[in-house]
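In: sequence first, predicted coordinates after that:
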There are 2 protein chains.
Amino acid sequence: MALPTTYTRVALANRPRDFINSDTFSTEIQRLEDLKPSDTHVVVRVDYISLDPAMRGWINEKGSYVSAVKIGETMRAFGFGTVVKVKDGKTGGLRVGDTVKGQMGWAEYRLLRESELEKLSIQRGLDVLDYLGPLSYPGYTAYFGLFDVGKIKAGETLVVSGAAGAVGSIACQIGKLKGCRVIAIAGSQDKCEWLENELGVDKALNYKDGDFYKKCKEIFAASGSGADAGGWDVYFDNVGGDMLDFMLTRMRKGARVALCGTISQYNSSKPKGLASYTNLIVMRARIEGFLVYGINHSLSRALTTHQIPYRMDYASKFAEAEREMAQWILEGKLKRKYHVVEGLAKAPEAINLLFTGGNTGKLIVKVSKGASSRL
Amino acid sequence: MALPTTYTRVALANRPRDFINSDTFSTEIQRLEDLKPSDTHVVVRVDYISLDPAMRGWINEKGSYVSAVKIGETMRAFGFGTVVKVKDGKTGGLRVGDTVKGQMGWAEYRLLRESELEKLSIQRGLDVLDYLGPLSYPGYTAYFGLFDVGKIKAGETLVVSGAAGAVGSIACQIGKLKGCRVIAIAGSQDKCEWLENELGVDKALNYKDGDFYKKCKEIFAASGSGADAGGWDVYFDNVGGDMLDFMLTRMRKGARVALCGTISQYNSSKPKGLASYTNLIVMRARIEGFLVYGINHSLSRALTTHQIPYRMDYASKFAEAEREMAQWILEGKLKRKYHVVEGLAKAPEAINLLFTGGNTGKLIVKVSKGASSRL
């Protein structure tokens, strides 16, 4: 495999106070020959990386559920790559040309510990990008958030915020597949049309509309005769903030918030408080936070490397979720949309799309020109 | 039974905006002969009534989990009384002299529907007041809040706020009986000493101390070596507000808030918001509201009378809780303290003790001079 002499990596330069800006990351050119494979490490060409809202927490001083990325360190990112160099004469393990998944980071090439990589075989009929979408964290998050945390039941009303995003769009569709009424909340008319017409939600609402809260109140009116009258049963929330506070005033008895993210608060140094939490008592309702993290059983060592103090939630059930979702994709029941940005140089700007609502579906950076999206 | 010609009742006169004040209730003298027993109704002398924080919600315009008390209506209260008059010649059912429990209200005498009353037999060795404490809503609330909502386990750290109150003091003791480390929060040095010395909690903290939050931080310090290092597992919260917001920053992974009350917010027209709810995600933790309401299976008709739109949570398990707690009392393992105010005239003032921290243990009004505390 012909390799270039240099490659680009993007490192954390300054911790942002609020939004990620042009000072946050620095781009450096490195010499590829400095990446030397060993008995334990291989050189990987990074093909695709996933951009996720959680990254905003990773670059805070205190980190979040994982340790903070250090200043000067290559920005962390999950993704795919191709093994391009192994130690001469090494037998067994990964070989040149293997497709691998794991913590790739924001770099065109990386020297990575073999034990922290997993060889990927793409199931016939699926797109390689699916392994960054429904068959990876976004999919697991929607799946376990709905079943294990939200405990959705057929006939219930499910509200999903951030519904046009990677996790939200899967949550909406699983909700429909399981017989829920689904009300989707997104940030543009286009997204709402996609959610209603393509993904089949019962109702999509644009939270940027001036009469958004009025419409919500109508839908959930206690006196209404519709299926959603009186409120919702499960709120799969990616957003937090004012919208969550409002939703707490429109709960049915025994309602559950599956609190997946609070993206409205990530770039704020002073998060806004929830005032309506007192309704949880009257409605015997709950807000439960959850987090799906971990890569794979075989990769638990990678987690200790990052000093993650928690067990990997749900990891023992990743395979089950993946199997069910792959089946839905093959049967045409689970649609996916990928927003692919070309070139690592665009990553520092592209990540803000997650916070400005600029992406529909899963946001991905195609790092290597040589990478194919259909294997 | 010699009866007076007149009696006093206390009615709701004005809905308070914040604290209950001298305009909130009006006292009226009524003629006893106007209370006429019938085939369905009996006249009851009210002996004891329970004063509870939830009453603040009942007199709001919108009510809370039950319909609002109307202006001019006798203030609602659970309690005990003695049947003093039944219809002449009536056979079966309640008889003069029977002790009954139910919705007595703030009155010295009431004409009450027989089917909404339950005849009470006091178990040998127990005090009648126990049937307004551990063997009534305060007891059920502590019991189901800890087991069904908080899901306490031996060895966990349990924090209880409002710990010297009716519910909190029972919650602390059940926590100890079940093998938890118990940290109690109360509002005076005397209460803290009672909690540590009499009820046996591991640590009691006075939230009115200037260094309260500093002490909390020390106890839950991540680097600490004590049993509470890193945070708490279950927070039985009667208070809400700033203290809950702080506690959300000191959770262990998988922590549960059993949200029983938000007494710090009841007298406020603008509840303060929770800012730290975003930690629920990182800690995979939850806040769950709950409510124990209902009197007894046989009294479900009383609830429809009050237009309560919910089933009675946990009612099917009241008997089980009562049996276990009665046993603990008889074995000397569950201590109780009653703060008894003499005379109905004092009720409008006494109820504010609940909000100013003036009571230790269960707050009760002895309405009738003839009532005995030991039957």
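Out: That came through fine. Worth saying up front: this structure is predicted, and the values here are computed from it rather than measured.
In: can I assume A:Thr157 is in contact with A:Ala227?
Out: Yes - taking contacts as Cβ atoms under 8 Å, A:Thr157 lies within contact range of A:Ala227: 6.7 Å. (Each C-beta comes from the backbone N, C-alpha and C, glycine too.)
In: tell me the gap between stretch A:278-298 and the middle of its chain.
Out: How far stretch A:278-298 lies from its chain's middle: 16 Å, per Cα atoms, centre = their mean, to the nearest Å.
In: picking up where we left off before, who's more crowded, A:Thr157 and A:Ala227?
Out: Neighbours per residue (other Cβ atoms under 10 Å in any protein chain shown) separate A:Thr157 from A:Ala227, with A:Thr157 holding more: 26 against 12.
In: read off the pLDDT value for that one.
Out: On pLDDT, A:Thr157 comes in at 97.
In: tell me which residues touch it, please.
Out: A:Cys180, A:Arg181, A:Ile183, A:Ala227, A:Asp228, A:Gly231, A:Trp232, A:Asp233, A:Val234, A:Arg252 (Cβ atoms under 8 Å, 6 or more residues apart in numbering or on different chains).
In: mind running it again at 7 Å?
Out: Residues near A:Thr157 by Cβ atoms under 7 Å, 6 or more residues apart in numbering or on different chains: A:Cys180, A:Arg181, A:Ile183, A:Ala227, A:Asp228, A:Trp232, A:Asp233.
In: show me what it is bridged to.
Out: With DSSP bridges applied, the residues forming beta bridges to A:Thr157 are A:Arg181.
In: what's the closest non-adjacent residue to the residue of the stretch 251-375 of chain A found nearest chain B?
Out: Residue nearest to chain B within the stretch 251-375 of chain A (Cβ to the nearest Cβ): A:Gly273, separated by 2.2 Å. Counting by Cβ to Cβ, 6 or more residues apart in numbering or on different chains, A:Gly273 lies nearest to B:Gly273, which is 2.2 Å off, once chain neighbours are set aside.
In: chain A: helices as residue ranges?
Out: Per DSSP state H, chain A carries helices over the ranges A:55-58, A:137-144, A:166-177, A:189-193, A:212-219, A:241-247, A:279-282, A:300-305, A:318-330, A:347-350, A:353-356.
In: want to throw these into CSV with mean pLDDT, mean neighbour count and distance to B:Lys176?
Out: What follows is those, written out as CSV (pLDDT from 0 to 100; neighbours: other Cβ atoms under 10 Å in any protein chain shown; distance: least, Cβ to Cβ, whole Å):
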stretch, mean pLDDT, mean neighbour count, distance to B:Lys176
helix A:55-58, 90, 20, 38
helix A:137-144, 94, 26, 35
helix A:166-177, 97, 27, 42
helix A:189-193, 96, 16, 53
helix A:212-219, 95, 15, 45
helix A:241-247, 96, 19, 36
helix A:279-282, 92, 21, 25
helix A:300-305, 37, 15, 37
helix A:318-330, 93, 17, 40
helix A:347-350, 95, 19, 54
helix A:353-356, 90, 16, 47
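In: need those helices in CSV (columns: distance to chain B).
Out: Shown next, in CSV, are these (distance: least, Cβ to the nearest Cβ, whole Å):
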stretch, distance to chain B
helix A:55-58, 8
helix A:137-144, 11
helix A:166-177, 13
helix A:189-193, 24
helix A:212-219, 16
helix A:241-247, 7
helix A:279-282, 3
helix A:300-305, 14
helix A:318-330, 16
helix A:347-350, 24
helix A:353-356, 15
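In: between these, which one is closest to B:Trp106.
Out: helix A:279-282 (23.2 Å; Cβ to Cβ).
In: from A:Leu354, how far off is the residue nearest the centre of chain A?
Out: Closest to where the C-alpha atoms of chain A average out (Cα atoms, centre = their mean) is A:Pro138, at 4.2 Å. A:Pro138 sits 12 Å away from A:Leu354, going by Cβ to Cβ, to the nearest Å.
In: bridging residues for A:Asp237?
Out: Counting by DSSP bridges, the residues bridging with A:Asp237 are A:Leu259.
In: got a list of what the spatially closest residue to the residue nearest to the centre of chain A that is not a sequence neighbour touches?
Out: Nearest non-adjacent residue to A:Pro138, counting by Cβ to Cβ, 6+ apart: A:Ala166, 3.9 Å away. Residues near A:Ala166 by Cβ under 7 Å, 6+ apart: A:Gly133, A:Pro138, A:Gly361, A:Lys362, A:Leu363.
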